[in-house]
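Q: here is the input, now give the coordinates:
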Amino acid sequence: MSFQLSIDGIKYQFATNHVGVMALALGLLPLLESSAPARIVNAPASGIDFENINNEATYSKYTAYGQSKRATILFTRDLHRRLRERGITNIYVNTLHPGLVQTNIFSDYDNGAKTQLYCATSEDIVNND
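A: Numbering: from 1, shown residues only. Okay, here's the model as predicted:
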């Protein structure tokens, strides 16, 4: 993907991979609170440079991808903290790294989704908040 800004002036990759995730989670939060227990599971990667979010001169699609995913990690941690500060303990907010595995993820969906499914369904998440 080449360097492009959204209508809001945010790099498209950052807007899609982070701002969209954040907006969806925050938009659904009232519904999640009223129907708790609930879970939010984000699966980002790593790497962010807040000084260089929209810098076209140093743009790299791989760096941009990493920055957007790292922002989601920070958002997820902060959302967890804010919910606990409000006394909300039955919405479980998790971030995970699916891992670097040598599999053909497109033909082995069961193996590729194990970590995400664990965070979304395991009672260990509830018991070890």
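
Q: tell me where the longest helix sits in this structure.
A: Longest helix in the chain, counting residues (DSSP state H): helix 61-85.

Q: any idea how far residue 5 lies from residue 17?
A: Distance, residue 5 to residue 17, using C-beta to C-beta, to the nearest Å: 15 Å. Every C-beta, even on glycine, is put in place using the N, C-alpha and C of the backbone.

Q: which one's more surrounded, these two?
A: Counting neighbours by other C-beta atoms under 10 Å for residue 5 and for residue 17 shows that residue 17 has the greater number, 20 against 13.

Q: look up the closest residue to that one, ignoring the ones flanking it.
A: Excluding its sequence neighbours, the residue lying closest to residue 17 (C-beta to C-beta, 6 or more residues apart in numbering) is residue 68, at 3.5 Å.

Q: then residue 5?
A: In space, and not counting its chain neighbours, residue 5 is closest to residue 11: 6.1 Å by C-beta to C-beta, 6+ apart.

Q: so what's the residue count around the one you found?
A: 23.

Q: so what's residue 41 up against?
A: With C-beta atoms under 8 Å, 6 or more residues apart in numbering as the criterion, the residues that contact residue 41 are 94, 95, 96, 116, 119, 120.

Q: partner residues bridging the first one?
A: Applying DSSP bridges to residue 94 yields these beta-bridge partners: residue 41.

Q: strands of this protein, residue ranges please.
A: Taking DSSP state E to define them, one finds strands in the chain at 38-42, 91-95.
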